[in-house]
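Novice: below is the structure, and that's it, no one-letter string:
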């Protein structure tokens, strides 16, 4: 292993309502590993991110996360039946095959952060 090897990169996702967003992410399948009043650490399998108790509308409205999963349709179904759409007033798009070789769907969290959750497919 070289001393220049990148081990991990984590994003700091903004939260307008920190407690609400912590609940939201827990309900859609991320595990809350640690939290204090300003920061929460979430993980799913080998991926993770920080949720921060910080909100700037312009930043949140332009923030996007991409999650590569083994099966986007399964994730979509789990989110759809979880009742988070109604409970949190968030937006869930339908899964679609993209010309760049991803089948994905969009999910906008309670803060306005856009998530794209998808799996690789053959390019069109």
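Specialist: It's in. A quick note: this is a predicted structure, and the numbers were derived from the prediction, not measured.
Novice: could you use CA atoms for every contact and neighbour count after this?
Specialist: OK.
Novice: how about the helices in the protein?
Specialist: Per DSSP state H, the chain carries helices over the ranges 18-27, 57-60, 72-81, 84-88.
Novice: identify whichever of those lies nearest to residue 96.
Specialist: Closest approach to residue 96 among the helices of the chain is made by helix 72-81 (9.4 Å; C-alpha to C-alpha).
Novice: okay, how far is it across stretch 94-107, tip to tip?
Specialist: In stretch 94-107, first residue to last residue: 9 Å (C-alpha to C-alpha, to the nearest Å).
Novice: got the helices of the chain as TSV, with mean pLDDT, mean neighbour count and distance to residue 120 columns?
Specialist: As requested, the helices of the chain are arranged in TSV below (pLDDT from 0 to 100; neighbours: other C-alpha atoms under 10 Å; distance: least, C-alpha to C-alpha, whole Å):
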stretch	mean pLDDT	mean neighbour count	distance to residue 120
helix 18-27	98	17	23
helix 57-60	96	14	27
helix 72-81	97	16	9
helix 84-88	97	14	25
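Novice: how about those in a markdown table, adding distance to residue 39?
Specialist: Conversion of the helices of the chain to a markdown table gives the following (distance: least, C-alpha to C-alpha, whole Å):
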| stretch | distance to residue 39 |
| --- | --- |
| helix 18-27 | 9 |
| helix 57-60 | 16 |
| helix 72-81 | 24 |
| helix 84-88 | 20 |
